[in-house]
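1. coords please:
(2 chains)
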Number of protein chains: 2
Amino acid sequence: MGELKDLIKVIPDCTRMSTKQDDLLHHGKDKSSYHPVLTPDIVVFPITTEEVKGVVVFASEKGIPVTPFGLGTSVEGQVIPILGGISMDLSLMNKILEIRPNDFFVKVQPGVTRNQLNQALKPYNLFFPVDPALDATLGGMVATNASGTTAVRYGAMKDQILGLEVVLASGEVIRTGGAFLKSSAGYNLTGLFTGSEGTLGVITEIILKVYALPEFTATLTAGFESLEAASRAVAGMMQNGLAIGCVEIVDERTINAINQYKKMDLPEIPQLFIELVGKEYTVMNDLDVVKKELELQGCVHIEYASDKEQRERLWMARHEAAMAIMAINPGKRLMATDVCVPLSVLPSAIQRTREIMNEYGVAGAIMGHVGDGNFHAVFGVDPMNKDDLRKLQSINGAIVDYALSHEGTCSGEHGIGIGKIPFMHKQHEDLIAIFKSIKKMFDPNNIMNPGKII
Amino acid sequence: MGELKDLIKVIPDCTRMSTKQDDLLHHGKDKSSYHPVLTPDIVVFPITTEEVKGVVVFASEKGIPVTPFGLGTSVEGQVIPILGGISMDLSLMNKILEIRPNDFFVKVQPGVTRNQLNQALKPYNLFFPVDPALDATLGGMVATNASGTTAVRYGAMKDQILGLEVVLASGEVIRTGGAFLKSSAGYNLTGLFTGSEGTLGVITEIILKVYALPEFTATLTAGFESLEAASRAVAGMMQNGLAIGCVEIVDERTINAINQYKKMDLPEIPQLFIELVGKEYTVMNDLDVVKKELELQGCVHIEYASDKEQRERLWMARHEAAMAIMAINPGKRLMATDVCVPLSVLPSAIQRTREIMNEYGVAGAIMGHVGDGNFHAVFGVDPMNKDDLRKLQSINGAIVDYALSHEGTCSGEHGIGIGKIPFMHKQHEDLIAIFKSIKKMFDPNNIMNPGKII
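-> Purely as a prediction, here's the structure:
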């Protein structure tokens, strides 16, 4: 412990190092239900790549674990320092280094949040589309290959990242990719670091694609008699090359929770939340095609809005879903499954998920990004209640098993962290040895976020 | 040599092994000007993953190089077996294994060509967009992370690949990714193998995204007084979120070559070739926006077509550009630079490229995928003429240097192969040690396409 004091040599400002109980507790957990608190021994707040490098070299020499931390919004335990050591809080590295409106890219430090970036982009009529619901740091979003509501249109994080600066366990600082929109120059290390959850190095700079803000947006909610009917309707819409920005699903139980939480009276039936984005003439014409398709698929209730206030009201049910589930589970933490399956499997996977929840007598909600085949079953859980945890683990396991046996993946967007390790082993059994070799190559002493992914 | 006969044990059909001079010569070159012929010792034509594995295990045991070969359309010497050994021709592994129209993916063997796939997709009203001009095998396109005219809309190969089956140097057969549209489950090996040019393993199966065929396409050619004015107009169009399918540039010298080659009388000024794709109402409205933007940027000549025949006539100049350059350089081979720069750098990079060619007194053409900032200077070269080769190498070097000193990459889409190795070292000096470690990890005996990339 005493030796950690020597970190002052690399972080030359005692206000940016902390062993206060509050700070340790804050950096010992994320939004997951895993290991409620496993505190680091110290939290450091570097402000430059040089400082990050100093900390990593220090940690390497002494064999101390380093766990990068952004805003703590990970949901699979990614930022929990399971072996203690140093929590490296990157939230002070929050500078937008460059906005290049004519080149459609920005350079940012890892602690910049997506909301912060979008505020800064507004004057240029640009935006960064990836939206994992909560505000998160872009560094964290790179590290987990986050996605969310807009992936159906713009892709996941991996599709946005042009280049990275990374501090390796050796202390070496490398730059992958660059400020160009395309490249075929050597092995794709940008892609390798994306989704590596801090296990291969610390991301200290990110070059991201940005996009023209859509001129016009229309929001549509469409109610169905069953979740399966709703998910079937999605496939129909994807066939047509329409200007779809999002296609989200929310089940009747979630709507019920939202009605309680927000004192609303939304119809308590499964709903699709659809956004069309683009030029006004495109959106208005596509809207007719979508409405016809929805009716064809047995939609029983449609609401439509194009002005901002009305659109936000319609979206509230989707945006507040997680908070509403939390509200009807007071004192509990959120746990979400995260499978992604081929679109044709989606209706049966959602139906099977509901059956599994019924079999276990658990009242979870179902929601998700169904345009990609990615959906979540969401539960409240008391992490101190072992029976409760075990039951939800069994439910998660059964849902993942169904997905894996139907060409799906155990994680569509949340990553592996601590929670998904056994499932990933099942899914990619033949790759584990390679994952381990890659980890060993970049981090031979296993100090970079040890115990995550593998 | 004698020991190569033992390959009959793994390819149990003597018609699928060849040491005939014609076959050796054919597999000793590609479309590049490098090492005109360096023949393999034997060509094998496996038809199953099992056979590929058998050949790789055989080669590993005996330390014999294995170079995968598709249609030989690579342009940086990727398929040239510089150390001899086994050329593994995958053209017989040309089965489309699965078309899943409702899931928007296909599973193919690596020898399937993009034209073959698109023929098979037509009845489903789907298509595979990546178009590197020549017909090529999809395996080869994965291996070089190819792109081409449609990347501005759909992205490069790396954006299309959901999963791969790969035979490693150890003989192990692994599966990366899967049939899902998104995943955050472990290190992104799919991305690592994409663009690895056969140096990390042999790709034996590919899961690819496919797309709804655009309902309507409009083609536009726009002539400008200078290449720089044309490239400046591109940036304006990218700002607007329009339904742009391609934005290509062709310079006046290329148009002149095309006029000679095709006996046409196209106006010999720099031209943009623009395609708008989508619903008819979207395209027709976007067309007006594009035309206004082009006029604003000083466009002096516009032609427009929406029916298939007329569109093909307009596109011919772009499609036949490479052939036309070959025709005015009889007996020579094609050599193309391949830099990609930020859009704001494009006008000056193209201007500098023209200056460099003038300084060396070389009459090359300029064309490219300017919506991505990727353009080519194209020359005819006599590979036996050392002076000629040296001069073009110097030109290439000067163009790459300009790109690298202006945030560009030495290869937008052609890959590294033999020809770009020194440039890639310059560009990614800090990554070379990592590239070598990755290579060593997957291929400790350096038998997989040795001498390429690193």
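
2. okay, now the unreliable bits of chain A?
-> For chain A, the stretches with pLDDT under 70 are A:1-2.

3. nearest to chain B: which residue in it?
-> A:Gly191 (3.0 Å; C-beta to the nearest C-beta). From N, CA and C alone the C-beta is placed, and that goes for glycine too.

4. I'd guessed that residue sits against A:Lys158; true?
-> Yes. The pair A:Gly191 and A:Lys158 passes the contact test of C-beta atoms under 8 Å, sitting 6.3 Å apart.

5. who touches both of the two?
-> When contacts are counted by C-beta atoms under 8 Å, 6 or more residues apart in numbering or on different chains, A:Gly191 and A:Lys158 are jointly contacted by B:188, B:191.

6. show the end-to-end separation of stretch A:108-128, please.
-> Across stretch A:108-128, the terminal residues are separated by 12 Å (C-alpha to C-alpha, to the nearest Å).

7. if you could redo that for stretch A:133-148, that was the one I meant.
-> Start-to-end span of stretch A:133-148 (C-alpha to C-alpha) is 7 Å.

8. which positions within that stretch qualify as buried?
-> Applying a neighbour-count criterion of 16 or more other C-beta atoms under 10 Å in any protein chain shown, the buried positions in stretch A:133-148 are A:134, A:136-148.

9. let me have those in CSV, extended by distance to B:Glu165 and secondary structure.
-> CSV is the format used below for the buried residues of stretch A:133-148 (distance: C-beta to C-beta, whole Å; DSSP: H, G, I helix; E, B strand; the rest coil):
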residue, distance to B:Glu165, secondary structure
A:Leu134, 36, coil
A:Ala136, 34, coil
A:Thr137, 36, strand
A:Leu138, 33, helix
A:Gly139, 33, helix
A:Gly140, 32, helix
A:Met141, 30, helix
A:Val142, 28, helix
A:Ala143, 28, helix
A:Thr144, 26, helix
A:Asn145, 22, coil
A:Ala146, 28, coil
A:Ser147, 25, coil
A:Gly148, 30, coil
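
10. out of these, who's near chain B?
-> When those are filtered against chain B using C-beta under 8 Å from any C-beta of the partner chain, the residues retained are A:144-147.

11. could you report the neighbour count for A:Leu7?
-> Residues near A:Leu7, counting by other C-beta atoms under 10 Å in any protein chain shown, number 21.

12. okay, stretch A:372-381 in PDB with CA atoms only?
-> Output of stretch A:372-381 as PDB, limited to C-alpha atoms (Å, rounded to 0.1, in the frame of the first residue of the first chain):
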ATOM      1  CA  ASP A 372     -30.500  -5.700 -35.000                       C
ATOM      2  CA  GLY A 373     -32.000  -8.800 -33.400                       C
ATOM      3  CA  ASN A 374     -30.700  -7.600 -30.000                       C
ATOM      4  CA  PHE A 375     -33.000  -7.600 -27.000                       C
ATOM      5  CA  HIS A 376     -32.800  -7.500 -23.200                       C
ATOM      6  CA  ALA A 377     -34.800  -9.200 -20.500                       C
ATOM      7  CA  VAL A 378     -34.500  -6.800 -17.500                       C
ATOM      8  CA  PHE A 379     -34.900  -7.700 -13.800                       C
ATOM      9  CA  GLY A 380     -34.500  -6.100 -10.400                       C
ATOM     10  CA  VAL A 381     -32.100  -8.000  -8.200                       C
END
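
13. and the helix or strand hosting A:Ala120, how far out from the chain middle?
-> With elements delineated by DSSP states H and E, A:Ala120 resides in helix A:114-121, which encompasses its position. Taking C-alpha atoms, centre = their mean, to the nearest Å, one finds the center of helix A:114-121 at 17 Å from the center of the full chain.

14. who's in contact with the helix or strand following it?
-> Proceeding C-terminally, helix A:114-121 gives way to strand A:126-127 as the next helix or strand, assigned by DSSP H and E. Applying C-beta under 8 Å, 6+ apart, the contact partners of strand A:126-127 are A:99, A:101, A:104, A:118, A:121, A:210-213.

15. restricted to strands, list those residues.
-> With strands defined by DSSP state E, the entries of the contacts of strand A:126-127 inside them are A:99, A:211-212.

16. I'd like the residues you listed as CSV, with distance to chain B and neighbour count appended.
-> Written out in CSV, the entries for the ones in strands among the contacts of strand A:126-127 read as follows (distance: C-beta to the nearest C-beta, whole Å; neighbours: other C-beta atoms under 10 Å in any protein chain shown):
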residue, distance to chain B, neighbour count
A:Ile99, 12, 17
A:Tyr211, 8, 16
A:Ala212, 4, 16
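
17. return the member of these nearest to B:Thr217.
-> Nearest to B:Thr217 among the ones in strands among the contacts of strand A:126-127 is A:Ala212, at 21.7 Å by C-beta to C-beta.

18. not counting sequence-adjacent ones, nearest residue to that closest one?
-> The shortest distance from A:Ala212 to any non-neighbouring residue, by C-beta to C-beta, 6 or more residues apart in numbering or on different chains, is to B:Gly241 (4.3 Å).

19. how about the one you found, what does it touch?
-> A:211-215, A:278-279.

20. ditto for A:Thr199
-> Under the criterion of C-beta under 8 Å, 6+ apart, the contact partners of A:Thr199 comprise A:439, A:442-443, A:448-450, A:452-454.

21. A:Asn358 - how many residues pack around it?
-> By the criterion of other C-beta under 10 Å, A:Asn358 has 10 neighbours.

22. let me know the helix or strand that it is in.
-> Element membership for A:Asn358, per DSSP H and E: helix A:346-359.

23. and for A:Glu309, the neighbour number?
-> Residues contacting A:Glu309 under the criterion other C-beta under 10 Å number 8.

24. am I right that it falls within a helix?
-> Yes. Per DSSP: H, G, I helix; E, B strand; the rest coil, A:Glu309 lies within a helix segment.
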